[in-house]
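J.: this is a predicted model, with the sequence first.
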Amino acid sequence: MTKRILIVDDDEAYGRNTARFLDLHGFSCRYESRPGEGLAAAAAFGPALAVIDFEMPGLNGAQLAAGLLGQAGPDGLPMICLTAHPEGAAEALLRVNPLCRVLDKTWGLAGLLAAVREILGKETDK
């Protein structure tokens, strides 16, 4: 079964490219550019993982993580938070969701793919 990933990032080029990249590696991605739309999409999409930007207008990553966690079932929702300032984001996010991993955006798509595979247990491409 294809694992679903919700991507929420206000940088549309980055968000769409990330979704396309992960789709090419066998995942089913849904991209939203606004945190509020990401919350609404999560309820209908049922992601196994959320990849969120920390610094967005409206809701920040910690607030979005809290909203997504509120919608998740009893097992919670693993998340990867992308940020250019991981030291400040990590503490805030881990208070909200212990299943959250913070990645520096400079890790690039290969680093993100490795983290996604580790979290979701996906060893190979389709």
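T.: That came in fine, so what should we check first?
J.: any weak-confidence spans in the protein?
T.: Low-confidence segments of the chain, defined by pLDDT under 70, span residues 86-97, 122-126.
J.: what helix or strand is the one residue sitting closest to the centre of the chain on?
T.: Ranked by distance to the mean C-alpha position of the chain (CA atoms, centre = their mean), the top residue is residue 51 at 0.9 Å. Using DSSP states H and E, residue 51 maps to strand 49-53.
J.: which is the succeeding secondary structure element to that strand?
T.: As assigned by DSSP H and E, the chain's next helix or strand after strand 49-53 is helix 61-71.
J.: tally of neighbours for residue 14?
T.: Residues contacting residue 14 under the criterion other CB atoms under 10 Å number 16. Every residue, glycine included, has its C-beta placed from N, CA and C.
J.: ok, back up a step: mind listing what's buried in the strand holding residue 51?
T.: Across strand 49-53, burial judged by 16 or more other CB atoms under 10 Å covers 49-53.
J.: so where do the strands sit in this protein?
T.: Using DSSP state E, the strands found in the chain span residues 4-8, 28-32, 49-53, 79-83, 100-104.
J.: same for the first one, what does it pack against?
T.: Right, the one you point to is strand 4-8. Applying 3 or more CB pairs under 8 Å, 6 or more residues apart in numbering; DSSP states H and E, one finds that strand 4-8 contacts helix 12-24, strand 28-32, helix 35-45, strand 49-53.
J.: can you pull the contacts of residue 21?
T.: Residue 21 makes contacts with 109, 112-113, as judged by CB atoms under 8 Å, 6 or more residues apart in numbering.
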